[in-house]
Structure formats: structure tokens, C-alpha cells
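Asks: Turn this into a model:
(2 chains)
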Amino acid sequence: MSTSVTQLTTSPLLKVKGLHMHFPISEGVLLQRSVGQVKAVDGVDFTVQRGETLGLVGESGCGKTTTGRCILRLEKPTAGEIIYDGVDLAGLARRDMQAMRRRIQVIFQDPYSSLNPRMKVGAIIEEPMKVHGTEPNAARRRERARELLSVCGLAAEFADRYPHEMSGGQRQRVGIARALALNPEFIVCDEPVSALDVSIQAQVVNLLEDLREKFGLTYLFIAHDLSVVRHLCQRVAVMYLGRIVEMTDSDTLFDAPLHPYTQALLAAVPVPDPLVEQTRVFRPVQGEVPSPINPPSGCVFHPRCPMAVESCKHTRPEPREVRPGHIVACSQINVQQ
Amino acid sequence: MMIDTTFRTPIRNAHKNKIKTSQGISGSVVLPPLLSIRNLHTEFRTGRGVVRAVGGISYTVEAGETVAIVGESGSGKSVSAMSILRLIPDPPGRIANGEIMFDGRDLLILPEEAMRKLRGGEIGMIFQEPMTSLNPVLTIGRQITETLEQHRGATPAAAHQRARDLLGMVGIADPDRRLKQYPHQLSGGMRQRIMIAIALTCDPKLIIADEPTTALDVTIQAQILELMKDLTQRLNIALVIITHNLGVVARYANRVNVMYAGRIVESGSAAAIYHDPRHPYTIALLRSVPRLDRPRQDRLDPVEGQPPDLTRLDAGCAFRPRCRFAVAACAESSPALTAIGESGHAAACFRAADIARAA
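Replies: Got it, this is the predicted structure:
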């Protein structure tokens, strides 16, 4: 893809090219044979600049989480390149990936299942330092864990507690402290605030912003809550059924979306203001997301698309740069440059 | 005052001795509200002490209107709704006090048999998780017809026909095939449509929907909410919708009750709540959500701190420790929900008058 390169002056920190993640569906108990594939990620290209936050949005099953897991190499992609600071993670051996994980960390969605209930909070935060041997001295490790807790807005005494003694928001802060333990440069945030109440959500969003500034972090922010994404991200990529359908800077995407799916997605989100809601003309997009096992031919959105024409059923639209830095995968969009 | 009920002659129901009507603002007699909750207290006895999940709430729902109950986890919004249906497990739960008048009957003194008739009959229910609230080992058709046979004594053939009609009403194509399927064969959105169909089977007057779209994706959420709005308007069904999503409330609710720590802290029309909020918690809640329709502000303005421990509520206002308007009086007693300004708008804050928009 030639597209996003045009706006760049320096090389990106992360460049994902032609990423595919097809999971086999097998049948039979002893002699397993493959009977199909779930095309969770089906040809995704994007770049993330150093210090930037890229939002990856879409509904359940669109492949946003799988994309994040591929970057972390929690999945081995079936095709494509994941070039992180010049190194292709997709083909990296286990040992070499281990070293890269120091630089690439993750914050998970569910602060209940992502913390070991049998470990004290301090031990949870020290664990990555132990595994990677970055801080062999136990006393200094403990000191560092306490320091990280306070960076994340928790009192140092929390180090001696267990996760079940804490609220969801506090646990998520522990998850963030753990992600920071190795001084990473890149963090995949997979729905980090989705499980939290709105008032707590705002606290954690602010914390993520502060940390980005303080440590010069780069985020890939995976979320389905579009308002949080608008607040936090400089650029946003919208995924549908394993593909990116639109990608541009945050304000353009939210104020003037071009792809019919992006438009439908934004229209579906109610705004917390009854006066605004009264003036909005709203017709929800019909139908449901098709199965990624057997996606529709041509453009995957065509069965639900109000703009679809005959050719959409046969030809898969490739992502094109319709304006500088604005990528859309739709044959019906024409913008004068 | 918004909740002021006095004894009057029966107007809409044959029940002779237990009817109340409310006095309208202008003093003229109006129909009693369909649902009127007064001073409801629900508590749970736990090892750590008594959790006062609902601590004295009062609100009304008129026939055909949509009332939203908004609040965060643990604010008591779901427990208050479950109390209406008397679905509080006892032990450990207990409805300690209050009165729930529904269509001329006090639900808290109704015999269990009559209550069972009401649930799924005149009062429909829609829960958050359609997968756990549908029976996984019964077909969709059986789950709908069962309600009809139980409540209406319908014949299997008549029930089947009604089930087909209901699926059409909730926008499910190919009803004959769907009626034979099991819940796991359907998508989340489809299951929630089935839940709505079940809630509608016996022509309810009221539907209680507890976070009906929280588990769904936004485009499906929009479809389901539009469907609920359309059906409740067309069939004149009152809807109590419990949610934490302020956008959903703005789009669909006529009136809003904001709950915090088991109490209603502010109540009013959607316009009043969003454009003239008077309780510091409501203000904080509205400020803490980022807006999709606006370019980003510098920072979000979160409510600092954590919600209170419901076993250790003191006499003062429960929001006091997190409140930037708190004064000495707030520690003395908990402010009652008091009418302010426009009709029907009330806030439980000593400083509601000072706060106005300046906040």
C-alpha cells in the first residue's frame, strides 16, 4: 500500500502490511481435518508513528483484537508483515520475540481475569521484571513496583493486597502498572476502559494520556467505544469483517466520515444530549455482521450497504487514498484531491 | 413535589378499596400513574453487614411513557427494578419498606400467586444477557408459547400462531424456522429480539428493561432500541429502562431518574437533566463522558474517588466525599429529593439552588 507513506517524514515505529490471520476450523476427533477457515484478519495494512495513538475500532468479530494479538505475537499470523522498528515480528523466533516483548506491552480489557488472583499486587507488577531479568535485585524490584503503583495513582500499600480486595478501576491501574514495568515504548491497549463505570473510565483515560506524555509512549488503542477513541486517538482505523474500511485523522473521521459503514457506525451511537438527539435523522443500518467463515463476495459490507451497486457484489474494493492521509475501501467514494 | 399521592375514588380499575390518584400540578384530578413507587428500601444481609442497596426511592411512571433509571454499578438501579417484580432473593435480600402501586394494586402485599401472574403478564421483563435469561434447552417457540399457555391458557395451536405474529413484530424473518431453533443458534441481537417478543406476549402495560443493549454492538443496539421505542409507542406500553449509557437516555427517555448509592439524587425531564443539572453527581457524570460529536477537549473531568461502601452509609449525603460543593450541612443529614424550578425537576442536594449552571 503506497498510501500512508506519503504523509510521513520519518519511518514509522510499526508498519503492518498485508496481515492475515485465518484460523482453521477442524472436524473429527482422531483424524482431524480442516473444513474451513475463520478469516479473522483478512489483509490489513496500517502504520503507527512514534508517539502517536492509533485507534482501531469496529464491532465484535471485526478482527481488531486479533490484529492486536498478532502484533504481540500471541498469535502467529498466517500471512503478512509486522515491521516493528525495522524488525519483522511475524517471522521472529520465540527467543527473539521474547526480547521484543520488553518493548511491546499490553493492557487487557478485563481487570478481573487478567490479574492472577493468587498473587499480591506487588508480585504481579514485579513478575515481568523477573521474567525478563531487568531488575535482578529483589529489594529494588519491590521498590520499583511501589513506584509504578504511585505513577498509576495508587498508594504504595496496595502492593500488599490481592486483586479481589480492589475495585475494577483500581485493578485496571494495576494492569497498567504491570505494562509499564519494563519501560516499554509501545503498548497495545485492548479495550482498557470498556469494563469500567463511566466516572472511573474517565480517570483511567486521563491516566493513559498522562503516561503517554510522561514516558513518550505509543499506543495502539483497540476499542468499540467511539467517544473514548475520539478523545484519545490522533488517527483512527475502522475495521469490518477482518478488513480496514476507513482510516484517517480523528476529527475527519468523526466529522466527515466517507465509508458507508463508518457513517452507519457513528449514526448508531447516541450522543448524551437530548437536543442534539432530537435533530439527528436516524435510521439504523439493517442486518447483522455476516460470519467471517463465509464472508460475502466482493465488498464484505455490500449486503447491509445503502449505497451498494451491482459491482460491489463482485469486486472487493481495495483501500485507496482519496485525500492525503484519508484511506477508504469503497468503490463508490470519489473525492477531488 | 413530584410524588404526592392522595386517596381518591377509583377511576380505571375495578379494585375498590386500594386505589390512589395523584394530584396534578394545577390541582386538577388526573389518572393515577401506572406505576408509583414510594419510599422503597431494599437491603441485603451479608457477612460484612447490611448492604442498603436501595435506600428510600420514590418515582412514578405514567402509562405509555419511557422512564430511564441511570446510574453506575452498585447504585441500586437493577435492585430497584427487581424489587418491583419482587425478584429479590430472600435470604439474603429483603424489601424492608415501601409501597409499589401498579395499576391499582400494591405489589408488596400481593399474594405470590397473583404476583406470578403479573410477571410476564401485565409486566414484561427484558434482561441484559439474553443468553442467560433464555432457557438453553428449550426451543424459541416453546419459550414463547409457554408464556401464553401459562398466562392465557391458550391452546397450543393458538399459541403457535401468536408466537409467529410476535416474531414478525420484532422483525425476525422466517418465523417458522426460527421457532424451532435453540437460543445458541441465534446471534445476540436476535436473542434480544426474542426476549422482546416474550415480554410482549401477554400485552403488557409495563416493560422493565434492565440494560437491554449493553451486551450488544452499537449498530445492533441501535436496531433494538428503535424497535423497543416503536413497539412501546405503538402499543402504548410504559417502559422503565435501566442503563448506564447517557446517550441512550438522551435519545429515548421522556423522564430520567439518576441514582447514586441507592437513592435518586436527581429526577426530571431529559432536557432538564442534561441542560440544567442541579445535583453535583449528575453534573460530574455528564462531564466525565467524552463526546463523539465534539472535537476533543483537553482532559476529561472525572469524578474523583470511589463510590461509597453501602454497608457503611452515615446520616449525611453519600456523595459528599467526592463532591466539590460539599458544605458542613451535608455531613449532618441526607438531603431529600426537592422540587426545583421547572415542573417535575427535583434534586437531592442542599445546594441545588446555588449550583444552577454555574457548576
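Asks: show me what contacts residue B:282?
Replies: Residues near residue B:282 by C-beta atoms under 8 Å, 6 or more residues apart in numbering or on different chains: B:258, B:265-266, B:273, B:347. C-beta: built from backbone N, CA, C; applies to glycine.
Asks: now do 6 Å
Replies: When contacts are counted by C-beta atoms under 6 Å, 6 or more residues apart in numbering or on different chains, residue B:282 touches B:258, B:266.
Asks: Helix or strand: which one has it?
Replies: Using DSSP states H and E, residue B:282 sits in helix B:280-288.
Asks: Tell me, how many residues neighbour the residue nearest to residue B:331 when sequence neighbours are not counted?
Replies: Leaving out its chain neighbours, the residue that sits closest to residue B:331 by C-beta to C-beta, 6 or more residues apart in numbering or on different chains is residue B:316, at 4.2 Å. Neighbour count of residue B:316, defined by other C-beta atoms under 10 Å in any protein chain shown: 17.
Asks: how many other residues sit next to residue 85?
Replies: Looking at chain A here, since you left the chain open. Look at residue A:85: counted by other C-beta under 10 Å, it has 16 neighbours.
Asks: actually it's chain B I care about, not the one you picked
Replies: 17.
Asks: Now it. Its backbone dihedrals?
Replies: Note on residue B:85: its backbone torsions stand at phi -90, psi 0 [degrees, to the nearest 10].
Asks: How much space separates it from residue B:210?
Replies: From residue B:85 across to residue B:210, the span is 10 Å (C-beta to C-beta, to the nearest Å).
Asks: Where in chain A is the helix or strand with the lowest mean pLDDT?
Replies: Within chain A, no helix or strand scores below helix A:274-279, which has a mean of 87 by mean pLDDT, DSSP states H and E.
Asks: Mind giving me the packing neighbours of that helix?
Replies: helix B:246-252, helix B:270-275 (3 or more C-beta pairs under 6 Å, 6 or more residues apart in numbering or on different chains; DSSP states H and E).
Asks: roughly how far out does the longest one sit from the chain middle?
Replies: Spelled out, that is helix B:246-252. Relative to its parent chain, helix B:246-252 has a centroid offset of 13 Å by C-alpha atoms, centre = their mean, to the nearest Å.
Asks: before we move on, back to that, now do the least confident helix or strand of chain A: everything it contacts.
Replies: Residues outside helix A:274-279 that contact it (C-beta under 6 Å, 6+ apart) are B:250-251, B:270-271, B:274.
Asks: Moving C-terminal from it, which element do we reach first?
Replies: According to DSSP H and E, the helix or strand after helix A:274-279 is strand A:320-323.
Asks: Name the residues of that following strand that come out as buried.
Replies: Neighbour counts over strand A:320-323 (16 or more other C-beta atoms under 10 Å in any protein chain shown) mark A:320-322 as buried.
Asks: residues in contact with residue A:223?
Replies: By C-beta under 6 Å, 6+ apart, the neighbours of residue A:223 are A:191, A:229.
Asks: So it versus chain B, what's the distance?
Replies: Distance of residue A:223 to chain B, computed by C-beta to the nearest C-beta, to the nearest Å: 11 Å.
Asks: before we move on, which element is residue A:21 in?
Replies: Per DSSP H and E: strand A:14-27 holds residue A:21.
Asks: Please name every helix or strand in contact with that strand.
Replies: Counting contacts by 3+ C-beta pairs under 6 Å, 6+ apart, strand A:14-27 is packed against strand A:33-48, strand A:79-84.
Asks: Go again with 10 Å.
Replies: Packed against strand A:14-27 by the contact rule (3 or more C-beta pairs under 10 Å, 6 or more residues apart in numbering or on different chains; DSSP states H and E) you find strand A:33-48, helix A:64-71, strand A:79-84, strand A:218-223.
Asks: Adding mean pLDDT, write the ones you listed out as CSV.
Replies: Conversion of these to CSV gives the following (pLDDT from 0 to 100):
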stretch, mean pLDDT
strand A:33-48, 90
helix A:64-71, 94
strand A:79-84, 95
strand A:218-223, 96
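Asks: export these to TSV and tack on distance to residue B:104?
Replies: Below are the helices and strands packed on strand A:14-27 laid out as TSV (distance: least, C-beta to C-beta, whole Å):
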stretch	distance to residue B:104
strand A:33-48	55
helix A:64-71	51
strand A:79-84	66
strand A:218-223	48
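Asks: Can you give the contact residues for stretch A:145-152?
Replies: A:120-127, A:129, A:135, A:154-160, A:170, A:172-181, A:204, A:207, A:210-211, A:214-215 (C-beta atoms under 10 Å, 6 or more residues apart in numbering or on different chains).
Asks: how does it look with 6 Å?
Replies: A:122, A:125-126, A:156, A:158-159, A:173, A:176-177, A:180.
Asks: One more: stretch A:245-253?
Replies: A:230, A:233-238, A:259, A:261-262, A:326-329, B:295.
Asks: Among those residues, show me the least confident.
Replies: Lowest in pLDDT among the contacts of stretch A:245-253 is residue B:295, which has 81.
Asks: Chain A versus that residue, what's the distance?
Replies: Applying C-beta to the nearest C-beta, the value for residue B:295 to chain A is 6 Å.
Asks: Give me every residue in chain B lying close to chain A.
Replies: Within chain B, the residues that sit near chain A (C-beta under 6 Å from any C-beta of the partner chain) are B:72-73, B:187, B:189, B:217-219, B:222-223, B:226, B:246-248, B:250-251, B:270-271, B:274, B:288-290, B:292-293, B:295-296, B:299-300, B:302-303, B:306.
Asks: how about the residues of chain A near chain B?
Replies: Residues of chain A found near chain B (C-beta under 6 Å from any C-beta) are A:59-60, A:167, A:197-199, A:202-203, A:205-206, A:226-228, A:230-231, A:251, A:268-274, A:277, A:284-285, A:288.
Asks: So which of those are in strands?
Replies: Per DSSP state E, strands hold no members of these.
Asks: Now the buried members of those residues.
Replies: By 16+ other C-beta under 10 Å, the residues of chain A next to chain B give A:59, A:167, A:197-199, A:202-203, A:205-206, A:226-228, A:230-231, A:268-274, A:277, A:284-285, A:288 as buried.
Asks: Done for today, thanks.
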